[in-house]
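Visitor: pasting the structure only:
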């Protein structure tokens with residue numbers, strides 16, 4: 001019985017460091033088949049109304065501003081405005097850098113990779 005109490009006292013007094021806690025959580029998630037992002041990974045910035053997203057179309061790089069929620073169209077020739085109800089606007093909302101978008105245009109299906117996202121201040 002004294003051995004059991006001693007073990008319990010030791011276990012209850014052992015405080016895990018942040019690294020140990022992260023490792024235990026990661027191991028549990030990985031064992032269930034989940035991908036666990038690196039602790040060093042940069043925070044993922046998502047496209048919201050007012051964000052400017054730079055898309056790589058393969059043959060050209062284009063900047064788009066997602067409109068909506070009081071965000072108005074600017075007269076900036078270098079940035080294309082996109083309605084949140086358009087096919088591209090619907091695909092952009094909530095996406096992050098590295099995502100490849102596909103959407104329908106009058107000329108067929110178009111695709112582009114998000115290479116940069118700047119959120120409104």
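Guide: That came in fine, so what should we check first? Bear in mind that the values here come from a model prediction, so they are computed numbers and not experimental data.
Visitor: Let me see the ranges of the strands in this structure.
Guide: 52-56, 61-66, 79-82, 100-105, 108-118 (DSSP state E).
Visitor: How about the longest one, which residues are buried there?
Guide: So the one you mean is strand 108-118. Residues 112, 114, 117 are the ones in strand 108-118 that count as buried (16 or more other Cβ atoms under 10 Å). Just so you know, the C-beta spots here come from the backbone N, C-alpha and C atoms, and that holds for glycine as well.
Visitor: who's in contact with the nearest residue to the last one once chain neighbours are set aside?
Guide: Right, residue 117. Counting by Cβ to Cβ, 6 or more residues apart in numbering, residue 117 lies nearest to residue 45, which is 4.7 Å off, once chain neighbours are set aside. Contacts for residue 45 (Cβ atoms under 8 Å, 6 or more residues apart in numbering) come out as 96, 97, 117, 119.
Visitor: Now, of those, which are buried?
Guide: 97, 117.
Visitor: okay, the contacts of residue 45 in a markdown table with pLDDT and distance to residue 108 next?
Guide: Output for those, formatted as a markdown table (pLDDT from 0 to 100; distance: Cβ to Cβ, whole Å):
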| residue | pLDDT | distance to residue 108 |
| --- | --- | --- |
| 96 | 92 | 26 |
| 97 | 93 | 25 |
| 117 | 95 | 26 |
| 119 | 90 | 31 |
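Visitor: Distance to residue 74 for the contacts of residue 45 - can I get that in a markdown table?
Guide: A markdown table is the format used below for the contacts of residue 45 (distance: Cβ to Cβ, whole Å):
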| residue | distance to residue 74 |
| --- | --- |
| 96 | 23 |
| 97 | 22 |
| 117 | 17 |
| 119 | 16 |
